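**Student:** A predicted structure for the sequence below; I have some questions about it.
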Amino acid sequence: MPASLDSPQRALPWMRGSMRAVGGLMLVVCGLCCGEDDSPVYPEIPAPRVLSVPGEYANLALAIEAARSRDTVVVAPGTYTGPGNRALDFEGKEIGFRSAGGPAATILDCEGMGRAFHLRSGESRATVIEGFQIRRGSTGEDGGPGGGARFDVCSPTVRDCWFVSCSAQYGGAVFCDGAAPRFERCEFRGNRTTELDGGALYVNRGHAELADCL
């Protein structure tokens, strides 16, 4: 006959086993209901900063190196020359790079010794170059395309910039490879090529948007 609940000697082992099972279930339920908060913790996003040249940084390259995405580099009026003020690479950062005085007063003079910008790390339209005169950018007689700027596999916004007297094999002022930049209110003056076409702009495997440009 099965054990009777009136018989403590036979019922006790069965009851102990049941209590262990029930106790285990209760522990699981308590763990689900009363455990620590498992909601994800997101890292705090730093607030955007404004970095100034030459107030805080001696040249443009140092300011760009110090900048984080969402920061803005503001450049005071003047003529900027030398190695720290050309061949500028944003390294994928989505920053604003703006002059305080516009292209007539803020000149990146490459002195025929290279280009002003070379962006090649997937920069988006949120990366903005605004208010500069890029002058005398050059890659030499056979130094490649893009005398003033070269954009590879990126899509920055270039606004209110003048490209003046730049030269290259092709893409005298700007060369784009697999890129989709947007140019707004930009001017291309007196640029030339030494071998192929595109005195102002040469686009390869991509497209460019131009709005109100000369």
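**Tutor:** The structure has been received and is ready for your questions. Numbers count the residues shown, from 1 in each chain.
**Student:** contacts and neighbour counts: CA atoms only from here.
**Tutor:** Noted.
**Student:** low-confidence ranges, this protein, go.
**Tutor:** Applying pLDDT under 70 to the chain flags the ranges 1-37, 141-142.
**Student:** can you rerun that using 80?
**Tutor:** For the chain, the stretches with pLDDT under 80 are 1-43, 141-142.
**Student:** ranges for the helices of the protein?
**Tutor:** 8-34, 60-66 (DSSP state H).
**Student:** isn't Ala168 up against Leu196?
**Tutor:** No: if you go by CA atoms under 8 Å, Ala168 and Leu196 don't touch, sitting 9.1 Å apart.
**Student:** more neighbours: the two, which one.
**Tutor:** Ala168 (32 against 14; other CA atoms under 10 Å).
**Student:** in the sheet, who's paired with that one?
**Tutor:** Beta-bridge partners of Ala168, counted by DSSP bridges, are Thr193.
**Student:** ok, now Ala149?
**Tutor:** Beta-bridge pairing for Ala149 (DSSP bridges): Phe117, Val174.
**Student:** contact partners for it?
**Tutor:** Residues in contact with Ala149 (CA atoms under 8 Å, 6 or more residues apart in numbering) are Arg115, Ala116, Phe117, His118, Gly137, Ala173, Val174, Phe175.
**Student:** output those residues in CSV; the columns should cover neighbour count.
**Tutor:** Formatted as CSV, the contacts of Ala149 follow (neighbours: other CA atoms under 10 Å):
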residue, neighbour count
Arg115, 31
Ala116, 26
Phe117, 22
His118, 21
Gly137, 32
Ala173, 35
Val174, 29
Phe175, 26
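**Student:** want to throw those residues into JSON lines with distance to Gly147?
**Tutor:** Putting the contacts of Ala149 into JSON lines (distance: CA to CA, whole Å) gives the following:
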{"residue": "Arg115", "distance to Gly147": "5"}
{"residue": "Ala116", "distance to Gly147": "8"}
{"residue": "Phe117", "distance to Gly147": "9"}
{"residue": "His118", "distance to Gly147": "10"}
{"residue": "Gly137", "distance to Gly147": "5"}
{"residue": "Ala173", "distance to Gly147": "5"}
{"residue": "Val174", "distance to Gly147": "6"}
{"residue": "Phe175", "distance to Gly147": "8"}
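**Student:** alright, calling it a day.
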